[in-house]
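Colleague: Here's my sequence, what's the structure:
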Amino acid sequence: MYSVDMDPDVARRLFEEGATLVLLGVPRGTELGIDCKSWQVGPKFRGVKMIPPGLHFLHYSSINSPSCGTEIGPKTGLFIALKPKEIILAKWDAKEEDLDFSPSKNEEEVTKIRDSLQELDPFLGPYPYEVRRKWVSFTDRLSEEVATKLQPLSGRICAFSDVVPELQLTHTKDRAEQPRNDTACQSMREGLDRLPKMRHREGTEMRFSIIPKKTYPLGASPAEITQCSMDLSYALETVLEKYYQAQPLDLLGELQFAFVCFLIGNVYEGFEHWKSLLTLLCRSEEAMRKHKDLYLGLIAVLYHQLGEIPPDFFVDIVSQNNFLTSTLQDFFQFAAGPGVDGTLRKRAEKFKVHLTKKFRWDFDADMDDCAPVVVELPEGFRVN
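Modeller: Residues are numbered from 1 along each chain as shown. All right, here's what the predicted structure looks like:
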């Protein structure tokens with residue numbers, strides 16, 4: 001599947017201590033990956049070995065049968081937590097075009113695999129340790145508990161949502177009572193209104209934290225409503241109290257979960273939630289003074305997330321309505337305000353300089369324009 005330049009003694013230790021994913025029957029040509037790397041499965045592929053213990057993201061895309069022409073299907077993924085020396089067994093379900101992990105619950109079958117692991121070794125590809133550091137930087141705040149809580153009940157994260165009509169018109173009488181669609185639409189809006197209303201199939205929806213639409217408390221005065229619209233701290237505290245009261249920093253794990261779902265899993269819903277969480281965090285001035293560790297962690301998370309994607313990614317996607325630059329401009333402005341911890345203020349200023357150099361954005365400029373502002377850097381300018 002691929003080769004790794006590794007010391008034999010280190011490789012032997014990893015083989016003995018690392019976890020193993022035995023994936024049987026995966027069709028040749030399937031695109032399969034773990035964490036930040038993927039490959040096309042060959043005819044001898046039987047799984048992945050030497051996987052470091054911890055949380056990982058297994059992802060794969062099925063292919064059409066050769067008679068239909070080779071087409072890669074939408075990506076499916078799942079977070080999976082592995083223990084040292086653990087063996088997880090899954091078999092490809094051709095009908096569902098998915099991996100079935102139920103054999104791992106059969107102790108006898110897993111024992112047979114363990115006893116024959118040496119013979120299976122030539123058909124197992126080693127974990128891609130060259131991307132290990134990147135994966136850890138993407139998920140260092142994401143615990144198994146948080147990933148399990150956010151992942152759909154089905155256990156699968158799908159690039160294309162599995163949706164069904166809200167109205168199940170199973171009887172002819174029910175269908176006959178619906179408005180007829182045999183006349184031409186007069187507008188795009190009319191056409192959209194005629195489409196059946198859809199919802200996620202039960203158990204397939206992401207279970208992200210719900211960010212309140214009303215950012216102010218019940219019975220707030222007009223002045224309080226205005227203040228809570230400018231400073232989203234009340235909404236942020238509501239989310240923390242409801243979902244992360246015991247561990248507020250786990251909210252950063254949710255931010256990382258959403259980012260991985262989008263960047264690796266191709267789930268656009270993950271990107272939208274990442275944006276919503278980032279807006280909530282960056283525009284909460286009072287919370288920034290209260291939750292120093294949360295915001296120091298946020299800078300570290302964003303440093304790695306923004307550092308691994310090309311600058312033109314933001315031009316094409318994130319900079320719509322100038323989202324990222326305007327959001328971060330608010331963050332840097334609040335971080336420099338009174339009452340903010342000195343360490344946080346210095347870290348934010350250093351991060352601001354780093355982003356200015358990397359993306360050539362001027363966060364001190366007027367952000368009325370819709371595109372990121374480019375700043376010309378002096379010759380020899382560098383960030384320590």
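
Colleague: Any regions of the stretch 201-350 of the chain where pLDDT drops low?
Modeller: Residue ranges of the stretch 201-350 of the chain with pLDDT under 70: 310-322.

Colleague: Which helix in this structure has the most residues?
Modeller: helix 342-359 (DSSP state H).

Colleague: Off-centre distance for it?
Modeller: Taking CA atoms, centre = their mean, to the nearest Å, one finds the center of helix 342-359 at 24 Å from the center of the full chain.

Colleague: Stretch 20-28 now?
Modeller: Counting by CA atoms, centre = their mean, stretch 20-28 is centred 24 Å from the centre of its parent chain.

Colleague: for it, how far is the first residue from the last?
Modeller: 20 Å (CA to CA, to the nearest Å).

Colleague: Doesn't residue 60 belong to a helix?
Modeller: No - counting by DSSP: H, G, I helix; E, B strand; the rest coil, residue 60 is not found in a helix; it is strand.

Colleague: Quick check: beta-bridge partners of it?
Modeller: residue 32, residue 76 (DSSP bridges).

Colleague: Number of residues surrounding it?
Modeller: Other residues lying near residue 60 total 22 when counted by other CB atoms under 10 Å. Quick note: C-beta positions are derived from backbone N, CA and C, even for glycine.

Colleague: Verify the stated contact: it with residue 29.
Modeller: No - the pair residue 60 and residue 29 does not pass the contact test of CB atoms under 8 Å, sitting 11.3 Å apart.

Colleague: Do a quick rundown of the strands in the stretch 1-150 of the chain.
Modeller: All strands of the stretch 1-150 of the chain, identified by DSSP state E, counting those that start in this stretch, fall at 19-24, 31-34, 37-40, 47-51, 54-61, 76-82, 87-93, 98-100, 124-126.

Colleague: any chance of these in TSV, with mean pLDDT and distance to residue 246 too?
Modeller: Listed next are those as TSV, based on pLDDT from 0 to 100; distance: least, CB to CB, whole Å:
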stretch	mean pLDDT	distance to residue 246
strand 19-24	96	29
strand 31-34	97	30
strand 37-40	95	34
strand 47-51	96	30
strand 54-61	97	19
strand 76-82	97	20
strand 87-93	96	29
strand 98-100	95	33
strand 124-126	95	38
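
Colleague: Any chance of those strands in TSV with distance to residue 210 as columns?
Modeller: TSV is the format used below for the strands of the stretch 1-150 of the chain (distance: least, CB to CB, whole Å):
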stretch	distance to residue 210
strand 19-24	33
strand 31-34	31
strand 37-40	32
strand 47-51	34
strand 54-61	24
strand 76-82	21
strand 87-93	32
strand 98-100	28
strand 124-126	40
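
Colleague: Which secondary structure elements does the strand or helix carrying residue 257 sit against?
Modeller: According to DSSP states H and E, residue 257 maps onto helix 250-263. When contacts are defined as 3 or more CB pairs under 8 Å, 6 or more residues apart in numbering; DSSP states H and E, helix 250-263 sits against helix 132-139, helix 144-150, helix 233-243, helix 268-282, helix 292-307.

Colleague: Could you pull out the buried residues of stretch 57-66?
Modeller: Neighbour-count burial for stretch 57-66, counted by 16 or more other CB atoms under 10 Å, picks out 57-63.

Colleague: Residue 282: neighbouring residues, count only.
Modeller: Residue 282 has 24 neighbours, counted by other CB under 10 Å.

Colleague: and the helix holding residue 257, how far out from the chain's middle?
Modeller: That offset, for helix 250-263, works out to 5 Å (CA atoms, centre = their mean).

Colleague: coming back round to it: closest to residue 299 out of the strands of the stretch 1-150 of the chain?
Modeller: The closest of these to residue 299 is strand 54-61. By CB to CB, the value is 22.1 Å.

Colleague: Can you name every helix or strand that that closest one contacts?
Modeller: In terms of contacts (3+ CB pairs under 8 Å, 6+ apart), strand 54-61 is packed against strand 31-34, strand 76-82.

Colleague: Check which helices and strands the last one sits against.
Modeller: In this case it means strand 76-82. Applying 3+ CB pairs under 8 Å, 6+ apart, one finds that strand 76-82 contacts strand 54-61, helix 144-150, strand 157-158.

Colleague: need these in JSON lines with distance to residue 231, can you?
Modeller: Below are those laid out as JSON lines (distance: least, CB to CB, whole Å):
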{"stretch": "strand 54-61", "distance to residue 231": "34"}
{"stretch": "helix 144-150", "distance to residue 231": "26"}
{"stretch": "strand 157-158", "distance to residue 231": "33"}
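
Colleague: Got the domain ranges for the protein?
Modeller: Here the domain parsing of the chain from automatic domain parsing is 8-139, 160-169+182-205, 222-359.

Colleague: how about a markdown table for those, with distance to residue 365 added?
Modeller: Output for the domains of the chain, formatted as a markdown table (distance: least, CB to CB, whole Å):
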| stretch | distance to residue 365 |
| --- | --- |
| domain 8-139 | 30 |
| domain 160-169+182-205 | 36 |
| domain 222-359 | 9 |
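
Colleague: For stretch 18-29, buried residues please.
Modeller: Quick answer for stretch 18-29 (16+ other CB under 10 Å): 18-24, 26-27, 29.

Colleague: And stretch 29-38, by the same measure?
Modeller: Those would be 29-36, 38, for stretch 29-38 by 16+ other CB under 10 Å.

Colleague: how far is that stretch from where the chain is centred?
Modeller: Taking CA atoms, centre = their mean, one finds stretch 29-38 lying 16 Å from the centre of the chain it belongs to.

Colleague: re the thing from before, got JSON lines for the helices and strands packed on helix 250-263, with distance to residue 226 too?
Modeller: Supplementary listing: the helices and strands packed on helix 250-263 in JSON lines, determined by distance: least, CB to CB, whole Å:
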{"stretch": "helix 132-139", "distance to residue 226": "38"}
{"stretch": "helix 144-150", "distance to residue 226": "33"}
{"stretch": "helix 233-243", "distance to residue 226": "12"}
{"stretch": "helix 268-282", "distance to residue 226": "18"}
{"stretch": "helix 292-307", "distance to residue 226": "24"}
